[in-house]
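Trainee: Show me the folded form of this:
(chains A and B)
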Number of protein chains: 2
Amino acid sequence: MNAYIISIGDEILMGNIVNTNSQFLADKLTNMGFDVRKIISVSDDTEQIFRQLDESAGHAQLVVCTGGLGPTSDDRTKSVIVKFFEDKLVEDPLVLQDVKNFLIKRGRALNETNRKQALVPQKAKVLRNRIGTAPGLWLEKNNTIFIFLPGVPHEVIDLYTHTIERQLKEYFNLPVIYFRFVHTLGLPEAELAEMLQDFESSLPQEVSIAYLPSPEDIKIRLTSRGTDLRKIKSQVDLALDNLITMLGDAAWGLDNDTLQSVVKQIFSSQHLTLSTAESCTGGNIAHTITSVSGSSEYFKGSVVSYANEVKIGVLGVKAEDLSRYGAVSQQVVEQMAWGVRGLLNTDFAVATSGIAGPTGGTPDKPVGTTWIAVATPNGVVSQKFLFGSTREVNIRRATSTALFMLISQVRKFKT
Amino acid sequence: MNAYIISIGDEILMGNIVNTNSQFLADKLTNMGFDVRKIISVSDDTEQIFRQLDESAGHAQLVVCTGGLGPTSDDRTKSVIVKFFEDKLVEDPLVLQDVKNFLIKRGRALNETNRKQALVPQKAKVLRNRIGTAPGLWLEKNNTIFIFLPGVPHEVIDLYTHTIERQLKEYFNLPVIYFRFVHTLGLPEAELAEMLQDFESSLPQEVSIAYLPSPEDIKIRLTSRGTDLRKIKSQVDLALDNLITMLGDAAWGLDNDTLQSVVKQIFSSQHLTLSTAESCTGGNIAHTITSVSGSSEYFKGSVVSYANEVKIGVLGVKAEDLSRYGAVSQQVVEQMAWGVRGLLNTDFAVATSGIAGPTGGTPDKPVGTTWIAVATPNGVVSQKFLFGSTREVNIRRATSTALFMLISQVRKFKT
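Mentor: Numbering: from 1, shown residues only, chains lettered A, B, ... in the order given. Here you go, the predicted structure:
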């Protein structure tokens, strides 16, 4: 069952925004068993939108379009829909009520602009939007189902999750796809590939492997497609078990795990508490940990000690060590970890001190040099890294490496 | 001058990663005057890659492809290039040296897998990769320039910035495009559109307006294309001035400004210092501020006080106020802001306390309820917001609103 995803909006072709809608939809449709064959972005141009719809009808069983449904003058999708489906716009009383309710909740009034949101193509099945004003639309032409969604990412997510997924499952008879992920950290792609050469050639023909590197880690995906779920599932799961054994400590999680969700699993289940002391990561470790709902159960807080006086005054780092060894040193990062562990009274603490860049590097300590320490009930461990990339990547890598070290330590503590 | 961007990789069609490369390239190419007509993603399938190259040759003057140049078995772009351009692979000694140097710097050895990176199509101009092992390639067919780049985002950025941009400028005779942005916060899109209706109709024909909403803010873009840069520049700049006047306090920045870069401009130039005390934002304000290079000049640090005992013990919030009014209250958030301002000895401080969700809401204080306070040398101001969305969006909106309030306060302080 082939699917196309079409994103509409000048802001995409001009590079003003990252197209997260396509990624979200590609992930969800793939998981349901659709074969996403193309993802296309076109501008807010009525002719280009029309041509893209026309090229897609009959070539894919499903076309999901996002964008251009808003109330402002640069939103042109609805006028193209009317032409393409030879339809007309009518005011939908239910949608009008939704728009009114949405505005009332926010203390705002209906005006001519947002009233237009209630105009929908007569032939369309309306997909009501619970958190925005533009509804989704479901139409059919040449045996292709077209779904039109607004462009605002959290509205796309909400509409898909609460309405569209169920309707697609009812409408289509979908094949079976099964895949699993292993998340690794610490080994570069070429070394991983070398290490897994024999494993790759031993895989059953139906099972494919892919390496998905990001600045933080490398995910390995094993995929199989077919009709017999039990068969492909057992093939992939068996290969996954072998893979995990081969990877050892480098494998920190599976499938939808994130470093922060693994931290949650361990700390929640063992009733342990956690704090952070951050210099080069500037609060990003705390932010990453608290992006998980329920993190207040185990995460007590953080001291972001950007200035040396905060390292000394709040965390208790010795002034003489700061001047002798510098802020980016084993001595200082270990004292930061111990300091925050004591101050916030937690079982574990993680600390970072590094040169995020692009300035501040020296021949001895080039940009990317980063010390990371983990304080545990049994003492403190620390390690030096050289990330050596852009500021953003250095911060992200220091964050993920710190959480990876924390996970390794707390897993050892458990046993 | 038309350009296509093609992303190659199953991971995109399966939705495993967000396609940031396309956004980066679309932004850069648009800025240079290219008209990006299509952005297409196809899978790591030799036939599909070939077909997409074939459909693009002759239709765009420039095609930039990313992905599939890596050394592992799922990277297939190079074999397609050889077929499409009727070429063969040869080992390039300079690239081999680059790969060796790259590995030496990281204490790793050359193996068969990464040696393959030095194999390049004979007809290609090699674009050397300074921070990775796969070089870029420049080839021509049917009057179309094809540029192939690796898929790793920071390698794409580095290759583009240091090599490709210059070469494109030399090769192509590019038209002129000019656009400006105004960043706004606090007004919903429909209200903005209503407010700017007369402004829109007064714009010269060549100037177009677009609203780019994100969960945090709404950007307004004014664009003009033509041949006479002076003319279109003066049209857009004049319209921009009118727009800024109309928007008043809601306009917080222009063009490439971010909230954190505006914070840097003001705090650096006025030699002021800043700290944060964060509950619901969990360190994200500190992270956002420190994502800017040079932030250590004015940002001293943060206390992320997730647990109430940290609010009391470290920030000095009164225990009786916490139990009487709750953590999400005006009293507590103001004491947090004052507390961290005193503890870290800064001129300004910003504090947040809210219910990020999805759990923890009550009828009185539903999910999304957020108090934000700004402590200044003249006192403290605070305001309550109801964001009411997902956890991630609530955190992002609390962060941007806090920085927006901080900017408003420090601008008032200046005058």
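
Trainee: helices or strands next to the helix ranked longest in chain A in the packing?
Mentor: Assignment by DSSP state H gives helix A:391-414 as the longest helix of chain A. For helix A:391-414, the packing partners by 3 or more C-beta pairs under 8 Å, 6 or more residues apart in numbering or on different chains; DSSP states H and E come out as strand A:251-254, helix A:259-270, helix A:284-290, strand A:348-354, strand A:369-376, strand A:379-386. Every residue, glycine included, has its C-beta placed from N, CA and C.

Trainee: for the last one, packing partners?
Mentor: Under the contact criterion of 3+ C-beta pairs under 8 Å, 6+ apart, strand A:379-386 touches helix A:330-343, strand A:369-376, helix A:391-414.

Trainee: which one of those lies closest to residue A:250?
Mentor: Of all the helices and strands packed on strand A:379-386, helix A:391-414 sits nearest to residue A:250, with 9.3 Å by C-beta to C-beta.

Trainee: Could you list the buried residues of that closest one?
Mentor: A:391, A:393-410 (16 or more other C-beta atoms under 10 Å in any protein chain shown).

Trainee: what's the angle from that helix to strand A:348-354?
Mentor: Between helix A:391-414 and strand A:348-354, the angle formed by their directions is 150 degrees, by axes from the mean of the first three to the mean of the last three C-alpha atoms, to 10 degrees.

Trainee: Just want the angle from the host helix or strand of residue A:97 to strand B:379-386.
Mentor: Element membership of residue A:97 [criterion: DSSP states H and E] is helix A:93-105. Angle, helix A:93-105 to strand B:379-386, by the same axes, to 10 degrees: 160 degrees.

Trainee: Show me what helix A:93-105 is packed against.
Mentor: Going by 3+ C-beta pairs under 8 Å, 6+ apart, helix A:93-105 lies up against helix A:112-115.

Trainee: tell me which strands and helices the helix it packs on is in contact with?
Mentor: Right, helix A:112-115 is packed against helix A:93-105, helix B:189-195 by 3+ C-beta pairs under 8 Å, 6+ apart.

Trainee: List of residues touching that helix?
Mentor: A:71-72, A:96, A:99, A:103, A:133, B:190, B:193-194 (C-beta atoms under 8 Å, 6 or more residues apart in numbering or on different chains).

Trainee: same thing but 6 Å
Mentor: A:71, A:99, A:133, B:190, B:193-194 (C-beta atoms under 6 Å, 6 or more residues apart in numbering or on different chains).

Trainee: Next: stretch A:129-147.
Mentor: By C-beta under 6 Å, 6+ apart, stretch A:129-147 touches A:57-58, A:62-64, A:69-70, A:85, A:95, A:99, A:102, A:114, A:117, A:124-128, A:148-150, A:152, A:155, A:158-159.

Trainee: Report the backbone C-alpha coordinates of that stretch in CSV.
Mentor: Extracted in CSV, the C-alpha atoms of stretch A:129-147 (Å, rounded to 0.1, in the frame of the first residue of the first chain):
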residue,chain,number,x,y,z
ASN,A,129,-9.6,19.6,15.1
ARG,A,130,-9.7,19.5,18.9
ILE,A,131,-6.8,22.0,19.5
GLY,A,132,-6.8,24.4,16.6
THR,A,133,-9.3,26.1,14.2
ALA,A,134,-8.6,24.5,10.8
PRO,A,135,-10.3,21.1,10.5
GLY,A,136,-8.8,18.2,8.5
LEU,A,137,-10.4,17.0,5.3
TRP,A,138,-10.8,13.4,3.8
LEU,A,139,-11.6,13.2,0.1
GLU,A,140,-11.3,10.6,-2.7
LYS,A,141,-10.4,10.7,-6.3
ASN,A,142,-9.2,8.0,-8.8
ASN,A,143,-9.0,5.4,-6.0
THR,A,144,-6.7,7.5,-4.0
ILE,A,145,-7.6,8.8,-0.5
PHE,A,146,-6.5,12.4,0.0
ILE,A,147,-6.2,13.7,3.6
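
Trainee: Name the surrounding residues that touch the longest helix of chain A.
Mentor: A:185, A:215-216, A:252, A:259, A:262, A:266, A:280-281, A:284-285, A:288, A:350, A:352, A:354, A:356-358, A:368, A:370, A:372, A:374, A:376, A:387, B:154, B:293.

Trainee: Same check on stretch A:258-265?
Mentor: A:253, A:288-289, A:292, A:400, A:403, A:407.

Trainee: So which bits of that stretch are buried?
Mentor: A:258-260, A:262-264.

Trainee: leaving aside the residues next to it on the chain, what's closest to residue A:272?
Mentor: residue A:347 (4.4 Å; C-beta to C-beta, 6 or more residues apart in numbering or on different chains).

Trainee: quick one on the thing from earlier: can you tell me which of the contacts of stretch A:129-147 end up in strands?
Mentor: A:62-64, A:125-127, A:148-149 (DSSP state E).

Trainee: Strand partners (parallel or antiparallel) of the helix or strand harbouring residue A:145?
Mentor: Using DSSP H and E, residue A:145 maps to strand A:144-149. According to DSSP bridges, strand A:144-149 forms sheet pairs with strand A:62-66 (parallel), strand A:136-141 (antiparallel).

Trainee: Off-centre distance for the longest one?
Mentor: Between the mean C-alpha point of strand A:136-141 and the mean C-alpha point of its chain there is a distance of 28 Å (C-alpha atoms, centre = their mean, to the nearest Å).

Trainee: Could I get the average pLDDT for it?
Mentor: The average of the pLDDT scores along strand A:136-141 is 96.

Trainee: again with stretch A:375-387
Mentor: 95.

Trainee: Find out how far it is from the centre of the chain, if you would.
Mentor: 27 Å.

Trainee: Give me the contact list for that stretch.
Mentor: A:330, A:333-334, A:337-338, A:341, A:347-349, A:368-374, A:394, A:397, A:409, A:413.

Trainee: Residue ranges in chain A under the pLDDT threshold?
Mentor: A:73-74, A:414-415 (pLDDT under 70).

Trainee: can we see that at 80?
Mentor: A:70-75, A:105-107, A:175, A:215, A:388-389, A:414-415 (pLDDT under 80).

Trainee: Fine, thanks again, bye for now.
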